[in-house]
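A.B. asks: Give me coordinates for this.
(chains A, B, C and D)
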Number of protein chains: 2
Amino acid sequence: MRRPTIYDVAERAGVSKSLVSLVLRDSPRVSDEKRAAVLAAVAELDYTPSRLAAGLAGTRTRSIGVVIDDFANLWFVEALTGLRSAIGREGYALSVADASLNAHLGIDPLDAFRALRVDGIVLAGEATAAAVERAGVPVVVLGTRHVSGSGMPVIASDEAEGGRIAARHLMEIGHRSIVCVSGPGASATERERGYREAMGEAGLDTCIVPADANEEQAARAAVAPILGGGSAAGRVRGAGAPRPTAVFAVNDPMAVGVMGAAADAGLTVPGDISVVGYDDSPLADYGLVSLTSVSGDPREVGEAAGETLLELLSGAPAGSRTFAPRLVVRDSTSAILRP
Amino acid sequence: MRRPTIYDVAERAGVSKSLVSLVLRDSPRVSDEKRAAVLAAVAELDYTPSRLAAGLAGTRTRSIGVVIDDFANLWFVEALTGLRSAIGREGYALSVADASLNAHLGIDPLDAFRALRVDGIVLAGEATAAAVERAGVPVVVLGTRHVSGSGMPVIASDEAEGGRIAARHLMEIGHRSIVCVSGPGASATERERGYREAMGEAGLDTCIVPADANEEQAARAAVAPILGGGSAAGRVRGAGAPRPTAVFAVNDPMAVGVMGAAADAGLTVPGDISVVGYDDSPLADYGLVSLTSVSGDPREVGEAAGETLLELLSGAPAGSRTFAPRLVVRDSTSAILRP
DNA sequence: AGCGAGTATTGGAGCGCTCCAATTACGGCC
DNA sequence: GGCCGTAATTGGAGCGCTCCAATACTCGCT
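C.D. replies: Predicted structure coming up:
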C-alpha cells in the first residue's frame, strides 16, 4: 500500500524517472507519445508528486508564505482571495500564518516560513524590517503599514485618497463642519490624513476624535460627548462649538458606532447628521444601516500583490503600487441646506 | 551564503549530525552538556531545520491541512484560532486551503494536501466522503455538515440545541406566534429542526420562512410579506393569519434583515416584534442593533477538533463531540403581555 | 580486573524528487 | 553511407533530514 513514486510511474509508462519528472514539470522537449504514456500511468496509479521531495531537490519550493495579523478583518480575507488567484495560476501554493501566533505560542511566522523554504513572502501584517531581512527571500507588503523603508514593494489601496474622497463627498453636499473619528493603526492614520488635506484645501477646520480601538464601541464612546449624548439635540460640545453636521469614521464598524451615538443623542441619520464609513463591508449594505462608505477593491490589491511577488521571483525588479478607492453612496449621507 | 544544514551545526558543536537531530526533536537521551553545545551552535549559525527534508526523511510531516470553504465566515475563522492553538502546542504546522479554489483554479485542496504529505486533515467545509477516503490520513470534520457516515469524528456546536434555546427563550417571555427564518445549508437545517422540536413540545404551530441565501437581503425579502411590508402595522399575511410577535433567524445577518423588514413595515423591535439571531457575531453587539443571539464558542470547538485529530494521529480512537451553545440576551427581545 | 546492562553517540542508508552531464535517436546532407 | 547537429531520453549525484543498527562509553558488581 506504499504511495506510488516517480519510479513506479516510470516503470509503468516504460520510461525513465527523469522523463517522468520532465513531464510533470511540463517541459516542452518531450515527445507527445511519451508524454501521453506518462500521463496515463499517473492517472492509473493515482500518483501525486511529493512537494516535499520536489522542494528539497529543486531550487525552489513553489510555495509562498502569507503573514496576516487579522483574520477577522474581511478586507484581508478578500485580498487573500485575489492573491491566491494570482499565484495559483503559476502553480504556487500558499502557506498562511497569522502573526498573533507569535504572541500565543511563541512561533515566529517568518521562522515557520524559513523552515518551509518558501520562495517568497507576502506581509499582510506588521513586521519589523529586521525580521524581514532575515527571511532571505523576496517580500512584498500588502496593505498600508507603518513599516517603511527597507525597499520592499508596498501594494495597497490609496487610503489617504479615500479619506479625501469621503471628506469631499460631504463638502459637496454642503457640509462644512465635519468631524473625523479616527483610530489606531496605519490605515486609520492615512485616512485621517486624507481628510485633513481635503479639509485644508477647502479652508475648513478639522476636528479629529480619536478612539481607543478600531471598534464600534470605542467610536461610540468617543463621539458621544460631541453629539451631546442623551439630552436635547442642538447641544454644544466642550468649548461651545456647534454640533457637527457630518462625521467621517475611518471604518464601517466605527461608523455604526457613530450612528448609535447619534441615535442615543436623539439625532437622525442623515437628517441631523451625515455619516461616512470606510471599507464598504457587508454591513454597510444592510437596510438597517445603509452606510455611505469608501473602499478599494481588496481582491484587486491582493492580485496585484501576487503579481508583484511573481515578478520579483522571476528576477524582475518591482515597485510599489497603490489603487484608488471608490465611494459608494447610500442613505447615511444627505445634503444640508444651512450648516 | 549557503543555508546552514544539520552538518554545519554538528561540526560547530563538535558532535555528529545524528546527535543534532536528536536534540532538535528533543530526545530525552541526550546529555545536558551536548544538548547545550548543539543549541549554542544552532543559535550562532541562525539555523532553521528544513521541514521539507524532515518530512521527506521521517514518517510524518507534523503538518495538518484544513479545508475551509468560507473564509468570510467569522465562525470558522475563530474556530481556526482554536484549532491552531491546540495543534500548535504539539509542534504541528497548519496548511490552509479553501474549497472555492477548487472552482476557481481546478485545484482540489485534498490533492494539494496529499502533495504536501500532511499527517491529518480538518474538514471545515463540505467534501464528498469519496474524496476524503482518498486522502489516506485521519480526518475530522469541524462544524455541522451534510456529509455523514464514513466514520469520521464530527466536532461541532449543537445547532439543534441552539434552535431550541432560541425558541424557548421566546416562549418563556410570552411569545406564542414565532416564525423561523431559515436558509440553505446544514447548520440552518439543524437550527430550524431545534426550533421545530421546541415549538412542538410546547404545542405551538411552527412557521418556517425559507430564504434563498444566508444573507441579510434574502431574509429581508423573505419576511417582508409576513410582516406586512410597507403599509400600516397590524396587517395580516396571506391566509389571514395574525402577524407573528417574534422571529428566530438562523444567523445574525438574517436577523438584521428581519429587523430591516420590520422597520420597513413600521414595526419597532422589540416593542412590536422580538428578534433572535444566531452566532453572536460582533454586529449583534452594535448599539444600533443589539441583537439577542445564540452561539457556541467557536474557539472551543476548533480546539476540540484539534485535540481529536491529535488523538487520531497518536493512534487512539476518537469519537464525535458536540458543544452546547449559549444565549446572549440583548435588546431585540422583550416580553409581551397578550399575543 | 572483567563483565553485563544500560545509556550516549555515531555512521550509513535512503526518503522522492531535480538537476546535470552524458548518451542515444533521428534526420538531413555532402 | 558516414558524419554532424539537434532533439529526446537517461543514469547518477545529491538536496537535508530521520531512522536504524552498531559502536562507545558508563557504572556497579562479582
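A.B. asks: going forward, measure contacts between C-alpha atoms and count neighbours the same way
C.D. replies: Noted.
A.B. asks: who's in contact with the residue in the stretch 201-339 of chain A that DNA strand D sits nearest to?
C.D. replies: Closest to DNA strand D within the stretch 201-339 of chain A is A:L313: 19.2 Å, counting by C-alpha to the nearest atom of the strand. Applying C-alpha atoms under 8 Å, 6 or more residues apart in numbering or on different chains to A:L313 gives the contacts A:119-120, A:138.
A.B. asks: Now tabulate these in CSV and tack on neighbour count.
C.D. replies: Putting those into CSV (neighbours: other C-alpha atoms under 10 Å in any protein chain shown) gives the following:
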residue, neighbour count
A:D119, 24
A:G120, 25
A:P138, 21
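A.B. asks: which one of those residues is nearest chain B?
C.D. replies: Nearest to chain B among the contacts of A:L313 is A:D119, at 13.0 Å by C-alpha to the nearest C-alpha.
A.B. asks: pretty sure that closest one is touching A:V66, no?
C.D. replies: No. Counting by C-alpha atoms under 8 Å, A:D119 sits too far from A:V66 to count as a contact (11.2 Å).
A.B. asks: Overlap of the contact sets of the two?
C.D. replies: By C-alpha under 8 Å, 6+ apart, no residue touches both A:D119 and A:V66.
A.B. asks: The spatially most central residue of chain A: which element?
C.D. replies: Centroid check for chain A by C-alpha atoms, centre = their mean gives A:F76 as the closest residue, at 3.6 Å. Here A:F76 sits within helix A:74-88, counting by DSSP states H and E.
A.B. asks: Now that helix: average pLDDT?
C.D. replies: Averaging pLDDT along helix A:74-88 gives 91.
A.B. asks: cool, and stretch A:32-46?
C.D. replies: 95.
A.B. asks: How many neighbouring residues does the residue of the stretch 51-200 of chain A found nearest DNA strand D have?
C.D. replies: Nearest to DNA strand D in the stretch 51-200 of chain A, going by C-alpha to the nearest atom of the strand, is A:A57, at a distance of 3.2 Å. Per other C-alpha atoms under 10 Å in any protein chain shown, the neighbour tally for A:A57 reads 12.
A.B. asks: what's the spacing between it and chain B?
C.D. replies: Distance of A:A57 to chain B, computed by C-alpha to the nearest C-alpha, to the nearest Å: 9 Å.
A.B. asks: mind listing what A:A99 touches?
C.D. replies: A:67-70, A:108-109, A:125.
A.B. asks: DNA strand C contacts on chain A?
C.D. replies: Within chain A, the positions near DNA strand C by C-alpha under 7 Å from any atom of the strand are A:2-7, A:17-18, A:21-22, A:24-25, A:48-50, A:53-60.
A.B. asks: Pull out the buried residues from those residues.
C.D. replies: A:6, A:17, A:21, A:48-50, A:53-56 (16 or more other C-alpha atoms under 10 Å in any protein chain shown).
A.B. asks: now the helices for chain A?
C.D. replies: Here chain A has its helices, by DSSP state H, at A:6-13, A:17-24, A:32-45, A:51-57, A:74-88, A:100-105, A:109-116, A:129-135, A:159-172, A:186-201, A:216-227, A:252-264, A:298-313.
A.B. asks: Near chain B, which residues of the stretch 201-339 of chain A are found?
C.D. replies: Residues of the stretch 201-339 of chain A lying near chain B by C-alpha under 8 Å from any C-alpha of the partner chain: A:216-217, A:256-257, A:259-260, A:263, A:286-288.
A.B. asks: which two from the residues you listed end up farthest apart in space?
C.D. replies: Based on C-alpha to C-alpha, the longest span within those runs between A:Q217 and A:G287 and measures 20.7 Å.
A.B. asks: that older thread, among the contacts of A:L313, which are in reach of chain B?
C.D. replies: Near chain B, by the rule C-alpha under 8 Å from any C-alpha, you find none of the contacts of A:L313.
A.B. asks: how close does A:D272 sit to A:V67?
C.D. replies: From A:D272 across to A:V67, the span is 43 Å (C-alpha to C-alpha, to the nearest Å).
A.B. asks: More neighbours: these two, which one.
C.D. replies: For A:D272 versus A:V67, the count of surrounding residues by other C-alpha under 10 Å is larger for A:V67: 23 against 18.
A.B. asks: re the thing from before, same list, the residues of the stretch 201-339 of chain A next to chain B, but only the ones touching DNA strand D.
C.D. replies: Within those, nothing lies near DNA strand D by C-alpha under 7 Å from any atom of the strand.
A.B. asks: could you dump those residues to CSV with neighbour count?
C.D. replies: Conversion of those to CSV gives the following (neighbours: other C-alpha under 10 Å):
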residue, neighbour count
A:E216, 27
A:Q217, 21
A:V256, 30
A:G257, 25
A:M259, 31
A:G260, 25
A:A263, 17
A:Y286, 20
A:G287, 21
A:L288, 21
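A.B. asks: Now render those residues as TSV, adding pLDDT.
C.D. replies: As requested, those are arranged in TSV below (pLDDT from 0 to 100):
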residue	pLDDT
A:E216	96
A:Q217	95
A:V256	97
A:G257	97
A:M259	97
A:G260	95
A:A263	94
A:Y286	95
A:G287	93
A:L288	92
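A.B. asks: List the residues that contact A:A261.
C.D. replies: A:220-221, A:223-224, A:227, A:229.
A.B. asks: again, but for A:G185
C.D. replies: A:H146.
A.B. asks: cool, A:S290 as well?
C.D. replies: A:283-284, A:330-332.
A.B. asks: got it, and A:Y47?
C.D. replies: Contacts of A:Y47 (C-alpha under 8 Å, 6+ apart): A:3-5, A:9.
A.B. asks: For chain A, give me the ranges with low pLDDT.
C.D. replies: A:101-102, A:126-131, A:147-149, A:229-241, A:337-339 (pLDDT under 70).
A.B. asks: domain parsing for it?
C.D. replies: Using automatic domain parsing, the domain parsing of chain A gives A:6-56, A:63-158+A:299-325, A:159-295.
A.B. asks: which stretch among these comes nearest B:A305?
C.D. replies: domain A:63-158+A:299-325 (18.0 Å).
A.B. asks: Within range of DNA strand D, give me the residues from the stretch 51-200 of chain A.
C.D. replies: That would be A:53, A:56-58, which are the residues of the stretch 51-200 of chain A within reach of DNA strand D (C-alpha under 7 Å from any atom of the strand).
A.B. asks: Include distance to B:L39 when you put the residues you listed into JSON lines, please.
C.D. replies: Formatted as JSON lines, these follow (distance: C-alpha to C-alpha, whole Å):
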{"residue": "A:A53", "distance to B:L39": "27"}
{"residue": "A:L56", "distance to B:L39": "24"}
{"residue": "A:A57", "distance to B:L39": "27"}
{"residue": "A:G58", "distance to B:L39": "29"}
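A.B. asks: tell me which of these is nearest to B:A103?
C.D. replies: A:A53 (27.5 Å).
A.B. asks: quick one on the thing from earlier: quick check, nearest of the contacts of A:A261 to B:S95?
C.D. replies: A:R220 (38.3 Å).
A.B. asks: residue contacts, the nearest residue to that closest one once chain neighbours are set aside?
C.D. replies: Leaving aside its chain neighbours, A:R220 sits nearest to A:G257 (4.3 Å; criterion: C-alpha to C-alpha, 6 or more residues apart in numbering or on different chains). Shown in contact with A:G257 (C-alpha under 8 Å, 6+ apart): A:215-220, B:286-288.
A.B. asks: A:A211 too?
C.D. replies: Here A:A211 is in contact with A:181-184, A:218-219, A:221-222 (criterion: C-alpha under 8 Å, 6+ apart).
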